[in-house]
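Visitor: Return atomic coordinates for the entry below.
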Amino acid sequence: MKTWNLLATLLMTPCFTVNAWAQPSATKEECVLKCHEAAALINVKGLAIAAKEIGEPKGPFVWKDSYVFMMNLDGKMLAHPMQPELTQLPHCLLITDPTDKAIFVNFVNMARNVGQGWVEYMWPRPGQKTPSKKITYIYRVPGKDVFVGAGVYVGGMMY
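Guide: Take a look at the predicted model:
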């Protein structure tokens, strides 16, 4: 009986995994997973190669309605696949959302002080101009002065 339960669990696990990735909107779990994958890439291949891969709009760090971005602890955007123009700024610390929340200051503070966690703010969905409520997972790359983030849009979807 125990063998049957183990076999059933092993056979069902890919179904749940496929279903999670088949959902139209990104999940919090996917954001955490993608951030950890990006951190591993940074540690293995270095910042320059990782920035290129993370910044690729059709790359592995863009999925559904989400994407990974990379910043340093000074607030400089190092890679952003949807708004690459952010990487041209000296820093993003003065950018606020429509509620005047200093989004990137909150990201940097989360990375510096806690190392990982969620930040809530308003940001446009890819391809749109109107901001939507979003929560982003911030993960500081262990041993580095950089962090990655990925978020989900809130409203009408499971997160």
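Visitor: The protein: strands as residue ranges?
Guide: 62-63, 66-72, 77-79, 116-124, 131-140, 146-153 (DSSP state E).
Visitor: Dump the ones you listed into a markdown table; add mean pLDDT and mean neighbour count as well.
Guide: From N, CA and C alone the C-beta is placed, and that goes for glycine too. A markdown table is the format used below for the strands of the chain (pLDDT from 0 to 100; neighbours: other C-beta atoms under 10 Å):
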| stretch | mean pLDDT | mean neighbour count |
| --- | --- | --- |
| strand 62-63 | 97 | 17 |
| strand 66-72 | 97 | 24 |
| strand 77-79 | 98 | 23 |
| strand 116-124 | 95 | 17 |
| strand 131-140 | 96 | 20 |
| strand 146-153 | 97 | 25 |
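Visitor: if I read this right, residue 35 contacts residue 68, doesn't it?
Guide: Yes: with contact defined as C-beta atoms under 8 Å, residue 35 reaches residue 68; the gap is 6.2 Å.
Visitor: shared neighbours, these two?
Guide: 148-150 (C-beta atoms under 8 Å, 6 or more residues apart in numbering).
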